[in-house]
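# give me a model of this one.
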Amino acid sequence: MAMFGLLASGRLVQTNFEMVGEKQFLITIPDAHDLNHVVVFLTGAVAFPDGYAGLVYFSWPDPAAPPNWQLLGIISNEKPSSIYKISSLKKNQEQRTLEQSGFLQFGQTKISHVAQIGISIETIDVVQHQHQLLEAENAKNQTQFVEFAQKMIQSFLNYSLSFTISPTPNESYIPVKAVEDWYKNFERKLSLNPYFWKQL
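Prediction:
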């Protein structure tokens, strides 16, 4: 009897999780490059033992690298299903590859279009601790996004206002060329160093 199920948009339900360890289960999702969300759920045929729950992980396997598992969240008897957004995870994986190598080299294998979902059955204490760490990381990422947006807007204002034209005392204009130049410059700097904005 299948304990776990997976649903990807536009596809049949998958329940063929393989047991790969004493408390670890794995399922492969073919052609996952166009998926945005997946649902992981308990089928109801088998419940978690008392005091246990599941940590749900995601990976884009790369035959040339060790597995890189990213914690998505948890499922439990009390929360038997969860929807996870995976569309940005491939982009994050590709960005990490760029950061580790400095650039993509010719002949480098691309990230797989096969995805994997792993579930690790752990005690409630371990699951809750990992979930708290995940939420703290998500909050940190949200804070960094807000900081990035603020620094980007400040950069834009500082640059574009230096090109202000005032044909009359009550009106000011910024030439479109100044906006285009700022955008090209910002985009170029971002492509060279995704974290350059932290120095603004």
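# biggest helix in this protein by residues?
Determined from DSSP state H, the single longest helix within the chain is helix 124-161.
# for the helix or strand following it, packing partners?
Remark: after helix 124-161, the chain's next helix or strand is strand 165-168, criterion DSSP states H and E. Packing partners of strand 165-168 (3 or more Cβ pairs under 8 Å, 6 or more residues apart in numbering; DSSP states H and E): strand 171-173. No exception for glycine: its C-beta is placed from N, CA and C like everyone else's.
# now what about the strand it packs on, what contacts it?
Thr164, Ile165, Ser166, Pro167 (Cβ atoms under 8 Å, 6 or more residues apart in numbering).
# can you put the residues you listed in a markdown table and add pLDDT and neighbour count?
Shown next, in a markdown table, are those (pLDDT from 0 to 100; neighbours: other Cβ atoms under 10 Å):
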| residue | pLDDT | neighbour count |
| --- | --- | --- |
| Thr164 | 89 | 11 |
| Ile165 | 89 | 10 |
| Ser166 | 88 | 9 |
| Pro167 | 85 | 8 |
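# hmm, which two among those are most spread apart?
Thr164 and Pro167 (10.7 Å; Cβ to Cβ).
# who's in contact with the residue nearest to the spatial centre of the chain?
Nearest to the mean C-alpha position of the chain, by Cα atoms, centre = their mean, lies Leu89 at 3.5 Å. Residues counted as contacts of Leu89 (Cβ under 8 Å, 6+ apart) are Phe58, Trp60, Gln70.
# in which helix or strand does Val40 reside?
Counting by DSSP H and E, Val40 is part of strand 37-42.
# return the set of buried residues in that strand.
When neighbours are counted by 16 or more other Cβ atoms under 10 Å, the buried residues of strand 37-42 are found to be Val38, Val40, Phe41, Leu42.
# ok, the residue nearest to Ser59 when sequence neighbours are not counted to Ser82 distance?
The shortest distance from Ser59 to any non-neighbouring residue, by Cβ to Cβ, 6 or more residues apart in numbering, is to Gln116 (4.6 Å). Gln116 is 17 Å from Ser82, where distance means Cβ to Cβ, to the nearest Å.
# sticking with the residue nearest to the centre of the chain, tell me its helix or strand.
For Leu89, the host element (DSSP H and E) is helix 87-101.
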